[in-house]
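S.K.: Kindly generate the corresponding structure for this input.
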Amino acid sequence: MALTPEESPGFLLWHATLRWQRGIAAALAPLDLTHPQFVLLAGLWWLDQQGGRPNQLELAQYTGTEVKTASQVLRRLEAKEFLTRQVDATDTRMKRLAITASGVAVAVRAVAVVEQADAEFFAAAPDRAAVLDVLRPLAWPR
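M.R.: Modelled structure (predicted):
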């Protein structure tokens with residue numbers, strides 16, 4: 001039995017995702033950050049808060065970002081002086097990441113604007129807890 005687009009979870013998820021991404025991009029634009037830049041910078045900030053100094057691969061895995069994309073985006077963030085990449089002392093093939101003071105400042109502001117954009121977007125959902133219950137197993141299947 002063929003579903004109409006309005007009955008297709010994948011089609012609806014696709015359109016919801018596009019609308020959500022546009023909102024996030026608009027929220028981050030005044031901070032001169034793209035969504036991938038935000039994800040990696042916020043991830044680095046969070047790991048830094050936990051006492052971690054991840055390498056590029058660890059940060060990419062933590063954020064769910066493709067490794068090659070992460071490397072390119074991290075170069076841009078380094079050029080903006082939001083982080084430093086330093087060769088690991090024990091494995092010269094690895095680069096350890098450290099967030100700078102300006103990176104922390106931007107990350108904190110960016111997290112706040114993204115949380116606000118999320119709140120506005122998900123306000124259309126009648127039950128936030130139910131939305132989270134649906135999204136968690138989709139994001140991290142067991």
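S.K.: Please determine how far residue 78 is located from residue 117.
M.R.: Counting by Cβ to Cβ, to the nearest Å, the gap from residue 78 to residue 117 is 26 Å. Where you see a C-beta, it was placed from the backbone N, CA and C, and this is true even at glycine.
S.K.: Sorry, slip of the keys, the one I care about is residue 30.
M.R.: Residue 30 sits 12 Å away from residue 117, going by Cβ to Cβ.
S.K.: ok, these two, which is more surrounded?
M.R.: With neighbours defined as other Cβ atoms under 10 Å, residue 30 and residue 117 compare such that residue 117 has more, 18 against 10.
S.K.: so where's this protein shaky on pLDDT?
M.R.: 1-2 (pLDDT under 70).
S.K.: Going along the chain, name the helices of it.
M.R.: Along the chain, the stretches classed as helices by DSSP state H are 9-28, 35-49, 56-63, 67-79, 101-122, 128-139.
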